[in-house]
Each structure stands twice: as structure tokens, then as C-alpha cells.
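Novice: after the sequence you'll find the predicted model.
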Amino acid sequence: MTVHFDHQLPLTTYNFSSVFDLLDLTRPACNCLATQQLMCRPDDAFNPLVTTTFQVSCILVISHIFHLLLKPLGQPGPFAQILAGVVVGPSVLSRIQRVEDFFIQASSAKYYEFFSFICRMLFMFSIGLETDIPYLKRNFRVVSIVAGGGSILAFMFGLPLFWLLAKIYRITQERFAFFLLVLTVIANSASPIVIRLIAESKFDTSDLGRLSIYCSLINEMSCVVFVSMLRAFASLSIVDAIILALFTLGLIKINKYLSYFFNARNRRNRFISNREVFVIIFLLTNLSLLMEWAGYTAMTACFVVGLMFPREGKTARTLVHKLTYAVNTFILPVFFGYTGFQFDIMTVFNKMTLALTVFMILVSAGTRIAGTLAACHYLLIPWSESLILAFLLNLKGNYDLILINTAPEPQMVWSPDVHNFLLAVVVLNTLIVGPIVTILLNREESCTHYPTTLEILNPESELRMLACVYVPRHVSGHVTLVSALGGCPNAPIKPYLVHLVELPKKRKSKLMYHQLEDGDQFSDEDEYGGNDVLEISDAVDPFTSETKILIHQRKLVSSFLTINEDVCNNAEDLRVSIIFLPFHKHQRIDGKMENSMEEIRTINQKVIRHAPCSVGIFVDRGQTGFQQPHGSPSVQNVATLFFGGPDDREALACSKRISMHSQVSLTVIRFVPTSSRHNSWINDASLKDEEVIMAISNIGTENEIDNAFVETFYNRYVAQGKAGFLEKHVSDGVGTVAALKEIADMYSLFIVGKGGRGHSPLTDGMSDWEECPELGLVGDLLASSEMNISGSVLVIQRHRHSEIDTGLFDD
């Protein structure tokens, strides 16, 4: 990138031939000259490679210090990192002569250019790799309208602003390039800064956070494509653009085959090897260098290649594992720091420059806020969320910096006044808007609220779930649940699978880094879980390949005494609506249930007591019970047992999702006291709706709420042939047990609520043989060996919103 640290230094343009000067040893000049360029020049006081490395280290250290100081004030990492770059740069430390001589040298700009290029290539590829494609498809209309709202208004104000700046700075050559530059600075949104700010504020799993991330991505990629197309038409280089697009498509195809090949080659490994990762990065680097050499930025190509990379298997898992840590810990902090490093605050202390800087920041923020608010008003997005979106999309510092530092012609550069002015606009805009966004996010209560129960979640809304496993045999049952809940394309799911590993005694690895096997990490934590990690991945990967339902895998290493707190914290951070836990018993070959880990039972009880959402305990009888519906030749018969109460309503709400699967046949069995045999509760569908249910829930009794909820289910699912319905009239717990024995072999899965029924005649006397209270009376009976039931059992507890609820609803 162009580095204008001091007016006395020669201007170095971002013509990417300078990067190739560092690499090309085939030019007519002797090889010793190229080698000398790589090392240092006679007028350099220090080796520029050493100064670049030291500068990167200084930015990392100072950014961490600033982050520690500003974190209590609620300021995110990107703000601290840009500020650290300003401190290291010519604004503060580099004003000292010796520091300036060390950092700012004639040939160091080439190293800054190349390092910035590598950073940008890797983090754009990483962003594409972690993009939630299903979410983007479902919300593309909303994302496009919000992203385009502010940009369109910015384009309208860009023309008069360009005319004003061209007059003031006397731009007579390359006016079209300057016009595109002004438009980009006003309209562009820096997606890396938005992504990191949202992630560090822990809003990346909220609806507002995800909408902001993908709006900024669409906005920035649109700016890149728009500017590139206009330049291609203006320079009559359309053929070059088409050829580069074909090269990008070719690399996407090659990556697809490489992914399948590497996955098959590493069947017995957790990750692919470092050599195989290098092959993928090497191909990406070659494509990026080719595009930069042709005069186009490689940002979009790297993002698209990551976006289209196959998500299933060890290859994608390894890339995410390695790139996420490197990008978030080293690459982005250095990139943000370098953004601030280029800025010299002394260049703003000119009255004209200061006035123009303030004016352009106001125009940029005003057009973005007004356009985004108008778009959000059209989409009926709340005003408070619209304001946060508007400020978030006003963050700058990525593609706009590339254009600022790019020469419009090989032999021409922007004047120092133009370069410093636009650079000041970008840096100051981000430093001003960043804290404002953080304050607004911390005050926005809607971001912290999310559906913690399935009962209030729209059946066609995204269902976020967290499945916990301890050993590989737990995986098949939870994957079966994910399969059943994800059977309808109109009811999207986002499943997380967390591997719970007990923290062993502390130990140190006796291997040096160079002695580790390929793909291994220099960390004891990566060894926790042993071969279970590989077996769990091998169980999940085929399901993902077959169904295209991506299960996000995690590993949680903690002491079993406190691991329940970590599970609850993860559920809260991920904003899931339900947690699925494995039962502490497993099915033997002869079909009997055997106690495997008593610690699991204790953890389940703690999670049920303190969970921030609903909880389900799955008693897996995979040999004789519920099988994975996807690809199953036969239909799975599922029964939901409804006795009444909030937990049974939650179980019925879960059953709505499962009934949408084409390979599932759901039957709801309602148990009714014999005294209510002649009471009719089913009315016409037009008499009740969800508004009536909400009204009843406020003023009615628990029984009235149950009636209204079941009636709504009957009218919407049973009456339309999507589910079956039966009534069982019993007088006491003995009758209930007899009725359950009648249907014991008819269904492969029983879904029931844990309790919350208060004193019910339907369960009188059943507590005499209770063995596992965490399953409730009915669930415990179904899971016991005495019942001789072959089907699996899913026991669900609705989220207890307070300690009062916990005491009120427990049996």
C-alpha cells in the first residue's frame, strides 16, 4: 500500500508490480539487485525486514495493552488496534527522530505492501469460509435492501462532493478514478471491522449482529464489483476480467476435488496435514497475485473461493481451525494497526483540510444513517436496531484504503494532500463511530433477548440447538434428533455439537514443536478427548455430506464439577432455544439399559436446574428405537404424550418440528382424567388463534392454556393430516401405566414433558418407583427396564424463567 509518512519521503504507489519486484528474479537486472531489494538499500539505516517485523510486534503488544485498558470501558479490539497503530505511527512515537529512522525507510513500504496483501487474502478467505450460506439465502432480500439503502443515497451525494473536491485539490487527470475513489470512501463499509466488532461484543449470534455482518459483506463486495466493472469498461479490459473470473471458477472446482481427496486420504486423522493446507493456500496466493498483477483487487475472489469451499469433512475443519486463530489473534490486529500506522494527525491541522475532513465525515455518516433508516423503516425493523445498523455500516478501513493507496496510473500517484485527506477521513471516521456503536450495542436490550423456549418460537423460524456428547456412542442419537428436527427446508435449524471432556491433571507436552505430527497443534488442550474426537468427527461428517445440514462442532474441556456452568454459558452465548443432553445409561447389545457414567447424571441435574433455555434429555435406544429419518427406507412412528403443564406444551412444540419431516409419522396422545370424558374441548379453528392463547395465558388457568394450545395444534396439524391424535381416559397412575404398556411397541420415539403438572390424578402413585427424578415421573417410567419399551425417549423441560417457576413446576 502507499505509505505517506513524511513529505520528505518519496511516494511509493500501490502498483502491485512493486510486490513482484520483491519476488521476481528473472528480470534483465542481475539477481544480486533483486536480492539486495529483499534485504536493504544503501540509504536504509536498518534492514527493512527487521523493522517491519519489529513494527508488527510493537503493534501487537501495544494493541493488547490498549485493549486491556479500554475493555472495561466496553471498547472492542478493532478500536484499540487502530489506536495502537496511530500511537506507533508518525502521529506519536514515530515523531521521535530515532524511531522514525528505524520504522520509516525508503524500501520498507514494499514489505508493508506485501504483508498487507497476505493479511487481506487470508482474512477474506476465512470470512468466506465461515459465512452462513443458509442464513444468507433466507435473508438475502432483507440484507440487500439494508446494504443498498445507505449506498444509493451516498452515490447521490457523491457527485456534488466529487465536484467540490476536484475543484479544491485541482484534480485534472484521472478524474474518473478520483470519482470512484470518493464514492467508495462514502459508500463502503469495512466488513472485517464490522465482523470483529460484533464478534468481540458477543452479538455475532444475535439476529441484529448477523444482519449487520452480512449487510457489510454485501455492501463491500458490491463496491468492489462495481468499481472493478467500471474500470474494466473504461479501460476496455473486459476480456481480462472474464479470464480472471474463469480462473476463479477453476480454483473453486479444484478446491472441491482437493477437499474430497484430502478427506479420503486422512480418514484416520483428526486434521489434514500442514503440507495439504499449504497446497490450498499456495493456489489461493497464486490466484490473488495474478489478479493484483492484472490491476484488480483479489478481495472478492478470495471471499468467493472461501464461500464456495466444501464445508463438510476434515479439510474445511482444519482450515477453520488454523485460520480462525491466526486471523483473529495476529492478522487482523496487525492489519487494523497498520491502518492507524499510516495516519499522521499533523496532516489534519490545516484549517482547510480539517474543515473538509469534518464535512466529508458528516456527509458519509449522514447519507449512511438516513439511507439505512429509510430501508429499515420499509422492512419494519425497530428504530433502535436500525440506528445500530446505520452506525455499524458506517465503519471504514478496508477496500477504501486499497483505492486510496492505489495509483490511478503506473506513473502517477495521488498528491500528498489528497492521500492524507482521504486517509484521515477513513481513520477518524472509524475511531469516532466505533465507540458510538459499542455504546449503542451495550444499551440495546433486544440483542440480549432471544427465544429460550420452543413454545414461543415460530415453527418456521430458525431453531438453534446445542447437543452435548461425552463419548462417540452419544453422537448417533443426537445426530438422529438433528435429522428429525431438520427435515423441512422451510423450518431451518442451526445445530451445535459440543464434546464435553473432563479436564485431567495438568501436564506438559514433552515434544518440541518440530516433533509434532502434521496437523497437530502445540497445545495440550488439543490432545484432550483422545481418539474420541476423531470418532465423533467421523460420525458427523457422513451426515453432513448426505443431508447438507452443517453441524458446528466444539470441544469443551473443564472439570466435571463445574462443566455444567460452561454448558450453560455456551448455550447463552450461542443463543440456543434448547439443550439436548445424553442419558447416563446406554443400551447394551441385549437391549437392556446399563449405567455408564454416573457423573453424567449429576451434570444433567445441574444443567436442568440452571439452564438459560429449555432442556431435553435423550434416552437413546438406537438398536431398537428411533433411527435417523434421513435416508431411512421406512417411516419412523413418533408419539408425543400430553398430560398437561408447561413441559408437555414444550414437548408438543418440539413435536411440531419433528412432524414436518417426510419420514416421520407423529401421533399426539392426550391423557385425560375419566371425569372429563364428556367435556369437549375441540372447537372450530376460527374460534381460537395464538392471540387468544396469549390472552388466556395471562388470565386463565393452566388447564385452559393446555386446552387452547392443544386445540391450536389440532386445527393446524391434525385437521390437515400432518399428525394423528388420540385420547386416553385414565383415572389414576395405575391406569396411566397400563395405557403406556399398551402402546410400548407401537412407536420408535416417545416425547414427553418432564413435569410441571402440579398435583395431577393422572400420575397418582407413580412416584413410588421413581429412580431418575431428572426425567420426571413419566419419563423415568419409560426409561426404566421394567416397562420393556423398545423405543427411545426424549424428556423435555421448558425453560424456568425464575426460581419461583422452578419450585412451582417441579413434581
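Specialist: Structure received.
Novice: can you tell me the element residue 580 falls in?
Specialist: strand 578-582 (DSSP states H and E).
Novice: show me how far that strand is from its chain's centre.
Specialist: Relative to the centre of its chain, strand 578-582 is centred 21 Å away, using CA atoms, centre = their mean, to the nearest Å.
Novice: just checking, next helix/strand downstream of that strand?
Specialist: Downstream of strand 578-582, the first helix or strand assigned by DSSP H and E is strand 585-587.
Novice: run through the neighbouring helices and strands of that next one.
Specialist: Applying 3 or more CB pairs under 8 Å, 6 or more residues apart in numbering; DSSP states H and E, one finds that strand 585-587 contacts strand 593-595. All C-beta spots, glycine's among them, are computed from the backbone N, C-alpha and C.
Novice: do me a favour and average the pLDDT over the helix or strand encompassing residue 537.
Specialist: Here residue 537 sits within helix 532-547, counting by DSSP H and E. If you average the pLDDT over helix 532-547, you get 89.
Novice: list the strands paired with the next helix or strand after that helix, with their directions.
Specialist: Sequence-wise, the next helix or strand downstream of helix 532-547 (DSSP H and E) is strand 552-558. Paired with strand 552-558 in the same sheet, following DSSP bridges, are strand 493-502 (parallel).
Novice: any idea of the mean pLDDT in the partner strand?
Specialist: pLDDT averaged over strand 493-502 gives 94.
Novice: report the inter-axis angle for that strand versus strand 578-582.
Specialist: On the basis of axes from the mean of the first three to the mean of the last three CA atoms, to 10 degrees, strand 493-502 is oriented at 40 degrees to strand 578-582.
Novice: could you check the angle strand 493-502 makes with helix 532-547?
Specialist: Going by the same axes, to 10 degrees, strand 493-502 makes 170 degrees with helix 532-547.
Novice: about what we covered before: just the buried positions in the helix holding residue 537, please.
Specialist: Neighbour counts over helix 532-547 (16 or more other CB atoms under 10 Å) mark 532, 533, 534, 536, 537, 539, 540, 541, 543, 544, 547 as buried.
Novice: residues in contact with residue 629?
Specialist: Residue 629 makes contact with 480, 483, 484, 487, 636, 661, 662, 663, 664, according to CB atoms under 8 Å, 6 or more residues apart in numbering.
Novice: low pLDDT regions in this structure?
Specialist: Residues of the chain that meet the criterion pLDDT under 70 lie in 1-49, 102-109, 236, 407-413, 445-448, 505-529, 675-700, 757-758, 767-769, 801-811.
Novice: now the strands for it?
Specialist: Per DSSP state E, the chain carries strands over the ranges 463-469, 493-502, 552-558, 578-582, 585-587, 593-595, 614-619, 636-642, 664-673, 724-730, 749-753, 792-797.
Novice: nearest to residue 82, of the ones you listed?
Specialist: Closest of the strands of the chain to residue 82 is strand 552-558, at 30.3 Å (criterion: CB to CB).
Novice: do I have it right that residue 86 meets residue 92?
Specialist: Yes - counting by CB atoms under 8 Å, residue 86 touches residue 92, with 6.8 Å between them.
Novice: so the two - more neighbours on which side?
Specialist: Neighbours per residue, other CB atoms under 10 Å: of residue 86 and residue 92, the larger number sits with residue 86, 24 against 13.
Novice: ranges for the helices of the stretch 1-150 of the chain?
Specialist: Using DSSP state H, counting those that start in this stretch, the helices of the stretch 1-150 of the chain run over residues 17-23, 31-39, 48-70, 77-88, 97-103, 108-129, 133-138, 140-168.
Novice: re the thing from before, list the helices and strands the strand holding residue 580 packs on?
Specialist: The contact analysis (3+ CB pairs under 8 Å, 6+ apart) places strand 578-582 against strand 463-469, helix 473-485, helix 598-610, strand 614-619.
Novice: now with 10 Å?
Specialist: strand 463-469, helix 473-485, strand 493-502, helix 563-574, helix 598-610, strand 614-619, helix 646-659, strand 792-797 (3 or more CB pairs under 10 Å, 6 or more residues apart in numbering; DSSP states H and E).
Novice: can you put the ones you listed in CSV and add mean neighbour count and distance to residue 273?
Specialist: Below are the helices and strands packed on strand 578-582 laid out as CSV (neighbours: other CB atoms under 10 Å; distance: least, CB to CB, whole Å):
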stretch, mean neighbour count, distance to residue 273
strand 463-469, 25, 27
helix 473-485, 24, 25
strand 493-502, 21, 22
helix 563-574, 19, 30
helix 598-610, 18, 35
strand 614-619, 27, 36
helix 646-659, 26, 40
strand 792-797, 28, 39
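Novice: reformat those as TSV; add distance to residue 251.
Specialist: Formatted as TSV, the helices and strands packed on strand 578-582 follow (distance: least, CB to CB, whole Å):
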stretch	distance to residue 251
strand 463-469	33
helix 473-485	32
strand 493-502	29
helix 563-574	33
helix 598-610	45
strand 614-619	42
helix 646-659	39
strand 792-797	45
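Novice: between these, which one is closest to residue 726.
Specialist: Ranking the helices and strands packed on strand 578-582 by proximity to residue 726 (CB to CB) places helix 646-659 first, at 13.6 Å.
Novice: coming back round to it: between residue 86 and residue 92, what contacts are shared?
Specialist: Overlap of the contact sets of residue 86 and residue 92 (by CB atoms under 10 Å, 6 or more residues apart in numbering) consists of 344, 345.
Novice: next, residue 296: phi, psi?
Specialist: The phi/psi pair for residue 296 (degrees, to the nearest 10) reads phi -110, psi 150.
Novice: from residue 288, how far off is it?
Specialist: Remark: distance between residue 296 and residue 288 (CB to CB, to the nearest Å) = 10 Å.
Novice: excluding its backbone neighbours, what's nearest residue 543?
Specialist: Of all residues not flanking residue 543 in the chain, residue 479 sits nearest, at 5.2 Å (CB to CB, 6 or more residues apart in numbering).
Novice: same for the helix holding residue 537, what does it pack against?
Specialist: Packing partners of helix 532-547 (3+ CB pairs under 10 Å, 6+ apart): helix 238-265, helix 314-326, strand 463-469, helix 473-485, strand 493-502, strand 552-558.
Novice: please redo it, this time with the cut-off set to 6 Å
Specialist: Counting contacts by 3 or more CB pairs under 6 Å, 6 or more residues apart in numbering; DSSP states H and E, helix 532-547 is packed against helix 473-485.
Novice: quick one: contacts of the helix it packs on?
Specialist: 467, 469, 493, 495, 536, 539, 543, 580, 582, 618, 620, 622, 626, 628-630, 657-658, 661 (CB atoms under 6 Å, 6 or more residues apart in numbering).
Novice: and if you look at stretch 530-538?
Specialist: Stretch 530-538 is contacted from outside by 270, 472, 475, 499, using CB under 6 Å, 6+ apart.
Novice: again, but for stretch 235-251
Specialist: The contact list for stretch 235-251, computed with CB under 6 Å, 6+ apart, reads 232, 283, 287, 291, 294, 301, 305.
Novice: how close does the third one get to residue 716?
Specialist: In this case it means residue 287. Residue 287 is 51 Å from residue 716, by CB to CB.
Novice: the more surrounded of these two?
Specialist: A count of neighbours by other CB under 10 Å puts residue 287 above the other of residue 287 and residue 716, at 20 against 15.
Novice: how near is the more buried one to residue 416?
Specialist: In terms of CB to CB, residue 287 sits 34 Å off from residue 416.
Novice: likewise residue 586?
Specialist: Residue 586 is 72 Å from residue 416, by CB to CB.
Novice: okay, now the residue lying closest to residue 323 once chain neighbours are set aside: neighbour count?
Specialist: Take residue 323 and drop its neighbours on the chain: the residue closest to it by CB to CB, 6+ apart is residue 126, 4.4 Å away. Neighbours of residue 126 under the rule other CB under 10 Å: 25.
Novice: repeat that for the one 10 residues further on.
Specialist: Under the neighbour criterion other CB under 10 Å, residue 136 is assigned a count of 16.
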